[in-house]
Every structure is written in C-alpha cells, then in structure tokens.
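Peer 1: Next one to model:
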Amino acid sequence: MPFEFEKLSIPEAVHIKPKRFEDSRGFFSELYHIKAFEQAGIKSQIVQINFSKSSKGVLRGLHYQLAPYAQGKIVRVAKGEIFDVAVDLRKNSQTFGKWVGVNLSSEKYNMLYIPEGFAHGFEVLSETAEFEYFCTAVYAPEHERGIIYNDAFLNISWNTKNPSVSEKDSKFPPFKEAEYNF
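Peer 2: Numbering: from 1, shown residues only. Below you'll find the predicted structure:
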C-alpha cells in the first residue's frame, strides 16, 4: 500500500504517511487514493483545495464550520514545517474537548486527516511554510466559527510563545463559550 495510516489518540484523526518511490532522478509519491483512504476509514470526498503561505511564528486557527457545512480536511505542507492541531468538538465523543497535534513537513511528506466536527489550527515552525488544505465541503463564511488558540481549558502545547495571529483569530471565544453543533 502506498500509504501508512496512523490512528492518533483521537482515532478519527489520522496521521497519513505517503510512501516515496525514489531513484537517481528523484521520487514519486501518491498523495491521495480513494480506495486506500476508504480502507483506512477515511470516506470523504474532496470538493475544495486551499493553499496558504505563512512566515515563522504565524499561528492560524482554531477554525471550523458549523454543520451542515462542516469541513473535513486532509492537510499537508508543500514547503517548510508546521505544528498542526485538531480539536474534537463532537459533544457525544469520548474525546470531546481533547486535541491532537502532529508536526507536518515537506521533508517528511506526511499529512493529517481531520474529520468534520473538529476545529483546526497550525503554527509555522520554519522560516516560511506553504500549506495545502483538501476540504470535504466548500467554504461557507456565514457558518465559519473559531476558538481562541490559547484557550486555558484546551491547554494546547504550542511551540511559539508570542505567535502572530490575525485580528479575526484573536477575537475568537474560549472553548466553553464557542458555538458548535456536532
């Protein structure tokens, strides 16, 4: 199989490690194969692809969209390195309010699958990072919500002490005051 799928402490969030096939010319790697992903329990159709570029110390998130516009995401770094985080917002889940984090890098070529019902954020660890989001629903700005990145209840172990955060992200409510419907 051209992928290794690693279940994390929140098993619905999956660390994806594509295999590289290398020779003297370089390498080849599959990034997505519907049958392999379905066999790993990832049954999501990609309908929108986003790209961002950020500098070291930038922190984006924690973002999500309310149901029925919730987005699942497969995320990867095209250049650089980030610390990527998913927070479980599903009220009936045993891992509600818990988070998982994975370092993603262009060197490792690894990815993270974040299901619907999760908030998502990342911080840039390298000088710059180019980041791709493969989304299962289109962006619906009127249904976008967020949680403040430094929420004490979540206690996420960010690497950056004083991150660069957008004005919008800095005004998100704490976890216990956030609106979610999963």
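Peer 1: Tell me where the chain has helices.
Peer 2: In the chain, helices defined by DSSP state H lie at 34-39, 167-170, listed in chain order.
Peer 1: hey, least reliable of the ones you listed by pLDDT?
Peer 2: Mean pLDDT is lowest for helix 34-39 out of the helices of the chain, coming in at a mean of 93.
Peer 1: which residues touch that one?
Peer 2: If you take C-beta atoms under 8 Å, 6 or more residues apart in numbering as the criterion, helix 34-39 is touched by 1-3, 30, 43-44, 113. Any C-beta I mention is one placed from the backbone N, CA and C, and that applies to glycine too.
Peer 1: Check stretch 163-172 too.
Peer 2: For stretch 163-172, contacts defined as C-beta under 8 Å, 6+ apart pick out 55, 57-63, 123, 145-149, 178.
Peer 1: Mind listing what's buried along that stretch?
Peer 2: Judged by neighbour count using 16 or more other C-beta atoms under 10 Å, the buried positions of stretch 163-172 are 163, 165, 169, 172.
Peer 1: And for stretch 124-139?
Peer 2: Within stretch 124-139, the residues that count as buried by 16+ other C-beta under 10 Å are 124-126, 129-137.
Peer 1: Which members of those residues are the farthest-apart pair?
Peer 2: Within the buried residues of stretch 124-139, 126 and 137 form the most distant pair, 29.0 Å apart (C-beta to C-beta).
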